[in-house]
Every structure is written in structure tokens, then in C-alpha cells.
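> Next comes the sequence, and after it the predicted model I'd like to discuss.
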Amino acid sequence: MKKTTIALLGMLCSSSVFAELKVDDGYMRAVPPGQMMSAAFMQLTNTSDKTVELVGGASEDVKSIEVHNHKKVDDVMKMYRVPSLTIEPGQSVTLQPGGLHIMFIGLKKMIKAGDQFKFDLSFKDGSTQAIELPIKSIVN
Ligand SMILES: [Cu+2]
């Protein structure tokens, strides 16, 4: 099963241009049963020689995946969608609680600590990058 998936990804990689983002310290937040939303945090580094524009993501396990940020409105932190997150060649961007994050809206399966979650990052030029993040419980 796993071998088939890797072989398939290899085939897809060789046939299209992929954005080259290095993902470090990534994790997705575990959520209690019934909660349909979660968020993921990570450091993204553009290791390619061209500008990367992250517009969101896709997975069969969630309705939509968006890039979000926070801003303070009347002393209350509010999330808003970032249509496109630009990362220049060599630049790193940190997605962390209270700031930029990847938002998962309409989860179709349990997001529990210890599991892994696979999804694609989607870029403005139509390319995608498959990533897999560990799911962790975050106390806050
Ligand atoms: Cu959000």
C-alpha cells in the first residue's frame, strides 16, 4: 500500500514542475471528536530559484485548506484568509500559533495525536507539493 503511494508520487513528480519548499518543524493540531476545523504550523523555506506563491492546499480528508493569518480587531485576535503567501528564493516563513497557519475547514476524519496527516500544498502556478505532518495535542 505504502509502496504504491510512493511510486505514484514519483510518477507525478517526474511529469510536472514542483515548487521546492522545505518543510521543517511541521505539525497539525489534534482536535476533539466532532470539531471540524484544525490548523497546521511549520517553517517553510523556498529552496528553489524562483518565487513561490502558496495559495492553499487539498486533501480528500478535508473540504478546504486555506492559508490564514491573525490580526487584532478591537483587542480580539481574528483569523483571515491570505489569498496568496509569497516566499522569495532563499526566504523562510514561519507559520505558528497566533500568526500565519494552514487552516483545515470541514474535516472528514478524526485528527488525533500520534497519527500523520497527508495533504498537498497548492501554488498559484497550479503545481502542488505533497507533505505529511505529525498530529500533536496542543494545550493552550
Ligand atoms: Cu485559521
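Cool, the structure landed. Residues are numbered from 1 along each chain as shown.

> going forward, measure contacts and count neighbours with C-alpha atoms only.
Noted.

> With adjacent residues omitted, what lies nearest to Gly56?
Ranked by Cα to Cα, 6 or more residues apart in numbering and with sequence neighbours excluded, the top spatial neighbour of Gly56 is Glu66, at 4.4 Å.

> From Phe41, how far out is the one you found?
With distances taken as Cα to Cα, to the nearest Å, Glu66 is found 12 Å from Phe41.

> for Met110, what are its contacts?
Shown in contact with Met110 (Cα atoms under 8 Å, 6 or more residues apart in numbering): Val31, Pro33.

> Phi first, then psi, for it.
Dihedral pair for Met110: phi -60, psi 130, per degrees, to the nearest 10.

> In three-state terms, label the residue nearest the centre of the chain for me.
Of all residues in the chain, the one closest to the mean position by Cα atoms, centre = their mean is Ile102, 4.7 Å from it. What DSSP: H, G, I helix; E, B strand; the rest coil gives for Ile102 is strand.

> so where do the helices sit in this protein?
Taking DSSP state H, the helices of the chain run over residues 2-15.
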